[in-house]
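Visitor: dropping the sequence and predicted coords here.
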Amino acid sequence: MAPEIPRARRPATARAEEDGVNAVRTIINRMNCQFVTTVPDNAAIDGHLQLVNRSGEFEGYLLGVQVKAGRSYIASENDVELRVRVQRRHVDLWTSMQVPVLLFYYDGRTQRTYWLAVRNYLEAYPQVMGTGAESVVFAFHKNDDLFSEDSYDQLYLVVRGEFKYGRPYLSSARAEVLYSNWLRVTGLLDTVYKIPARLATKQELPPEITDSLALIVKEGSLFLFSQPREELEFMQDISDLRALRSITTNGLPSAYLAELLNATVRVLAKSRGLVELRRNSLRFAFPREVLQTPATNTHRFESLGGKRTRRVLVYEIRKGRNTEYRHHACVINFIREGGNWYLELDPYMHISFSRYVPAEELRARRISERQNTYNSQYLYMLHFWKQYLSGSTGIIEVITDRWPGAPAISVSTQNDYVSSDFSLLDDRLVADE
């Protein structure tokens, strides 16, 4: 019996790749331009795009085209960006070519096509080439980088060397709604308590008091949101509770009220297991102690997409004899704008090491970490902190005293929005300013 001859199989990725090339070809055809494929694509170029002007004339403008399709290329994805991994050797080749190269990604699930001008993108974001890894990750913005017939004029800017990422322009015909990190205070307490005190400054009180009770010392008096309790021994030592009087919150000087509100932030942070990185900085982070078990180092919550997810609180990265720790951190403070009070959250990754690192090197590492936080990452970090501080309830209850039943200030987790006449072609450079 003759041995069975194995049948040829079509690679699993072939359909996705062909769908991608066809999608790009269709859009180029609708522009009345010409796409000529290269077979085989030994130079990691699927073809060339020949531009045709509005009069139907070829002008000698040529662009290299590389199309990626299929889930295997995706490094990560969220509602804003889709990040695609490409071999570094191909990127090196594209940047050395005489003609500009366009990188496309076709998403077969949504049938949407995204594009980037490789050389221009790397000029705007040179840090993506700096890791030394065998692959380079390109971030496609799902709105700004969508490829359609409307991309025609931008292609001409690319071949003329005039295309730029990150340049703002003013459009009188449209406004852009800016997503802020301000959360509106919806329940400000009406009353503040004032007691004469034998104190010059708040620093005379032990941390275990100021970490559990929001108060300030001004003009020889204590100011608090929660009514003092006689069982607090320190109160009896430094003040006369019989002289207690209440005043309206609006009657308190704005600077005093801001300081008292921020004192509540410290109480909230301490109750949630956070540490203040520097005294009176209002910069809080998860401590290394959460690394004791996987359970203490994760927080489960609902993602922006509505799915249950989890986030590691402190990342541990071995670097030779040293260990780098990346802590989820956030600046949390109250601000006043336009007569309204807001809780401002400014999330970032705090860097620390297990062994000594020179101050300049540590500072440079921390700056680099913040510079490389793209807007989409910031958005997800902001969502995480809102979920964490609110317990996924939609309201952050900023406690004024760790005593059960103490009053709290209510803050909505809905971000305030600001309308601006400035519209950004690509705002991913904000983190690099």
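Guide: Looks like it arrived, so ask away. Numbers count the residues shown, from 1 in each chain.
Visitor: in the protein, which residue is most central in space?
Guide: Centroid-nearest residue in the chain, with C-alpha atoms, centre = their mean: residue 378, separated by 0.8 Å.
Visitor: what about the closest residue in space to that one that isn't next to it in sequence, how many neighbours?
Guide: Take residue 378 and drop its neighbours on the chain: the residue closest to it by C-beta to C-beta, 6 or more residues apart in numbering is residue 347, 6.8 Å away. C-beta: built from backbone N, CA, C; applies to glycine. Residue 347: 21 surrounding residues under other C-beta atoms under 10 Å.
Visitor: so what sits opposite residue 347 in the bridge?
Guide: With DSSP bridges applied, residue 347 shows beta-bridge pairing to residue 330.
Visitor: test my guess that it contacts residue 382.
Guide: Yes. Counting by C-beta atoms under 8 Å, residue 347 touches residue 382, with 5.4 Å between them.
Visitor: least trustworthy helix or strand in this protein by mean pLDDT?
Guide: For the chain, the helix or strand with the lowest mean confidence is strand 168-170, at a mean of 37 (criterion: mean pLDDT, DSSP states H and E).
Visitor: related to what we said a few turns ago, SS state for the residue nearest to the centre of the chain?
Guide: Of the three states, residue 378 takes helix according to DSSP: H, G, I helix; E, B strand; the rest coil.
Visitor: so what's it scoring on pLDDT?
Guide: Residue 378 carries a pLDDT score of 82 in this model.
Visitor: count of neighbours near residue 402?
Guide: Neighbour count of residue 402, defined by other C-beta under 10 Å: 15.
Visitor: and the residue nearest to it when sequence neighbours are not counted, how far from residue 331?
Guide: Leaving aside its sequence neighbours, residue 402 sits nearest to residue 212 (C-beta to C-beta, 6+ apart; 4.3 Å). Using C-beta to C-beta, to the nearest Å, we find residue 212 at a distance of 22 Å from residue 331.
Visitor: picking up where we left off before, quick check: the residue nearest to the centre of the chain vs residue 182, distance?
Guide: Counting by C-beta to C-beta, the gap from residue 378 to residue 182 is 14 Å.
Visitor: please apply the same query to residue 92.
Guide: Distance from residue 92 to residue 182, by C-beta to C-beta: 43 Å.
Visitor: comparing the two, which residue is more hemmed in?
Guide: Here residue 92 and residue 182 are set side by side on neighbour count (other C-beta under 10 Å), and the busier one is residue 182, at 17 against 11.
Visitor: quick one: contacts for that one?
Guide: The contact partners of residue 182, by C-beta atoms under 8 Å, 6 or more residues apart in numbering, come to 335, 337, 342, 343, 344, 415, 416.
Visitor: looking at those, which one is closest to residue 79?
Guide: Proximity of the contacts of residue 182 to residue 79 (C-beta to C-beta) peaks at residue 415, which lies at 14.5 Å.
Visitor: pretty sure that closest one sits in a strand.
Guide: Yes. Per three-state DSSP, residue 415 lies within a strand segment.
Visitor: quick one: low-confidence ranges for the stretch 51-200 of the chain?
Guide: Where the stretch 51-200 of the chain drops to pLDDT under 70, the residues are 130-133, 166-179.
Visitor: can you map out the strands along it?
Guide: Secondary structure of the stretch 51-200 of the chain (DSSP state E, counting those that start in this stretch): strands located at 58-69, 74-77, 81-87, 101-107, 112-117, 135-141, 168-170, 176-187, 191-196.
Visitor: figure out which of the ones you listed is closest to residue 246.
Guide: For residue 246, the closest of the strands of the stretch 51-200 of the chain is strand 191-196, at 5.1 Å, according to C-beta to C-beta.
Visitor: which elements pack onto that closest one?
Guide: On a contact count with 3 or more C-beta pairs under 8 Å, 6 or more residues apart in numbering; DSSP states H and E, strand 191-196 meets strand 221-224, strand 245-248.
Visitor: and those strands as a markdown table, adding distance to residue 127, mean neighbour count and mean pLDDT?
Guide: Listed next are those as a markdown table, based on distance: least, C-beta to C-beta, whole Å; neighbours: other C-beta atoms under 10 Å; pLDDT from 0 to 100:
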| stretch | distance to residue 127 | mean neighbour count | mean pLDDT |
| --- | --- | --- | --- |
| strand 221-224 | 47 | 20 | 90 |
| strand 245-248 | 52 | 11 | 91 |
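Visitor: could you export those strands to JSON lines, including columns for distance to residue 397?
Guide: Converted to JSON lines, those look like this (distance: least, C-beta to C-beta, whole Å):
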{"stretch": "strand 221-224", "distance to residue 397": "17"}
{"stretch": "strand 245-248", "distance to residue 397": "22"}
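Visitor: out of these, flag the one nearest residue 279.
Guide: If we rank the helices and strands packed on strand 191-196 by C-beta to C-beta, the stretch that ends up nearest is strand 221-224, at 19.7 Å.
Visitor: direction included, what does the closest one pair against?
Guide: Here strand 221-224 is paired, per DSSP bridges, with strand 191-196 (antiparallel), strand 215-218 (antiparallel).
Visitor: what residues of the shortest one count as buried?
Guide: Of all the residues in strand 215-218, those buried under the rule 16 or more other C-beta atoms under 10 Å are 215, 216, 217, 218.
Visitor: got it, and stretch 292-310?
Guide: The neighbour-count criterion (16+ other C-beta under 10 Å) identifies 297, 299, 301, 303, 304 as the buried residues of stretch 292-310.
Visitor: now do the end-to-end distance for it.
Guide: 17 Å (C-alpha to C-alpha, to the nearest Å).
Visitor: stretch 343-363 now?
Guide: Where stretch 343-363 begins and where it ends lie 27 Å apart, using C-alpha to C-alpha.
Visitor: so what's the gap between that stretch and the chain middle?
Guide: From the chain centre to the centre of stretch 343-363 is a distance of 17 Å (C-alpha atoms, centre = their mean, to the nearest Å).
Visitor: quick one: mean pLDDT for that stretch?
Guide: In this model, stretch 343-363 has an average pLDDT of 93.
Visitor: tell me how many other residues surround residue 280.
Guide: Using other C-beta under 10 Å: residue 280 sits among 10 other residues.
Visitor: roughly how far apart are it and residue 263?
Guide: Per C-beta to C-beta, residue 280 is found 10 Å from residue 263.
Visitor: ok, residue 102 next?
Guide: Taken as C-beta to C-beta, the span from residue 102 to residue 263 is 55 Å.
Visitor: which of the contacts of residue 182 has the largest number of neighbours?
Guide: That'd be residue 343 among the contacts of residue 182, by other C-beta under 10 Å, with 26 neighbours.
Visitor: thought residue 186 was touching it, still the case?
Guide: No. Between residue 343 and residue 186 there is no contact under C-beta under 8 Å: 10.3 Å.
Visitor: overlap of the contact sets of the two?
Guide: Joint contacts of residue 343 and residue 186 (C-beta under 8 Å, 6+ apart) are residue 411.
Visitor: sweet, I'm off.
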